[in-house]
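**Student:** Would you be able to build a 3D model of this:
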Amino acid sequence: MTFEKATSKDFDTAYTFIQQLWSYNSYDPIKTREVYEKIIHDKNSFFFFLKDNGEYKGFCHGDYFQTFWMCGLTCYISSLFTCDQDRHKGYGRAMLDHAKELALEKNCRAVILDSGMARIDAHRFYENYGFEKSCYGFELLL
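**Tutor:** Residues are numbered from 1 along each chain as shown. Here you go, the predicted structure:
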């Protein structure tokens, strides 16, 4: 397994994965590419792929930001993805380990994430990893 920082040339792979993340969304490839390019060039963000035997198996995207809650830098993992057929092979854990290492390098006080209400298996995975339920998430679409 290797971790590779995302580059512009990886967009097509990223887009294929992103479309599978939230099946209830539709993704405009032009707008998605604009967001992707901003993320991969933002010093307060990370986006990496996990590859195994030369094949893309998943990706992780997150951001670093200051919070009063943690009184310091916090790492927010906004996307963690592996394809259905690649689940239960250790890829998700490996990506979380790598994201945690990146957060430690930045001296983050915590790693946080959220997960959709219906994603019971994902919740179990995060709790087994060591995450604790800490809040309810809310969104207001504009």
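
**Student:** Can you list the neighbours in contact with the biggest helix by length in the chain?
**Tutor:** When the chain is parsed with DSSP state H, its longest helix is helix 91-105. Applying CB atoms under 8 Å, 6 or more residues apart in numbering, the contact partners of helix 91-105 are 1, 3, 46, 48, 50, 52, 57-60, 62, 64, 75, 77, 80, 82, 111, 125, 129. Just so you know, the C-beta spots here come from the backbone N, C-alpha and C atoms, and that holds for glycine as well.

**Student:** List the buried residues in it.
**Tutor:** Residues of helix 91-105 classed as buried: Tyr91, Gly92, Ala94, Met95, Leu96, His98, Ala99, Lys100, Leu102, Ala103 (neighbour count, 16 or more other CB atoms under 10 Å).

**Student:** and the last one, what pLDDT?
**Tutor:** For Ala103, the model assigns a pLDDT of 97.

**Student:** try the fourth one
**Tutor:** At Met95, the predicted lDDT confidence score is 97.

**Student:** With adjacent residues omitted, what lies nearest to it?
**Tutor:** Cys60 (4.4 Å; CB to CB, 6 or more residues apart in numbering).
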